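K.L.:
Need a 3D model of the sequence below.
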Amino acid sequence: MKADPELTLFVPAFRAKRRRIAGGVTVGIVLVVGTLGVRLVLWAVKAPRTELWSGLIPYFFEIACMVVGSVIAWWVWKWAGVPDPADARRPH
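P.N.:
Below you'll find the model as predicted:
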């Protein structure tokens, strides 16, 4: 069943697909960084006090993953919002 083209004229299909992709990438980044953070916290809780200094490397790795993930998410959402040049409904 197809909708009347006049009713769907305002819905940019390309952006809907791009936003789904951006949402999936963002969820993936959150899951990876969140899992790394939880594992780091669990390790720090179980580690003896003398080994906590060795946790600085994973801690800085976690921060680097957050920064890289934030930049990737920002870039993907920026890409998702860009108008498609092939879209004739809104020429720019």
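K.L.:
who does the lengthiest helix in the chain touch, helix- and strand-wise?
P.N.:
Among the segments of the chain that qualify as a helix by DSSP state H, the longest is helix 13-46. In this structure, helix 13-46 packs against helix 56-81, with contacts taken as 3 or more CB pairs under 8 Å, 6 or more residues apart in numbering; DSSP states H and E. Glycine gets a C-beta too; all of them are placed from N, C-alpha and C.
K.L.:
Taking helix 13-46 as reference, get the angle to the helix it packs on.
P.N.:
170 degrees (axes from the mean of the first three to the mean of the last three CA atoms, to 10 degrees).
K.L.:
which regions of this protein sit below the pLDDT cut-off?
P.N.:
Judged by pLDDT under 70, the chain has its weakly predicted residues at 1-14, 84-92.
K.L.:
Nearest spatial neighbour of the residue most central in space within the chain, chain-adjacent residues omitted?
P.N.:
Centroid-nearest residue in the chain: T26, 2.0 Å away (criterion: CA atoms, centre = their mean). Distance criterion CB to CB, 6 or more residues apart in numbering; nearest residue to T26, sequence neighbours excluded, is A73 at 5.0 Å.
K.L.:
tell me the contacts of the one you found?
P.N.:
By CB atoms under 8 Å, 6 or more residues apart in numbering, A73 lies in contact with 22, 25-26, 29.
K.L.:
cutoff 7 Å now
P.N.:
Contacts were defined as CB atoms under 7 Å, 6 or more residues apart in numbering; by that measure A73 touches 25-26, 29.
K.L.:
From W74, how far out is the residue nearest to the centre of the chain?
P.N.:
Separation of T26 from W74 (CB to CB, to the nearest Å) stands at 10 Å.
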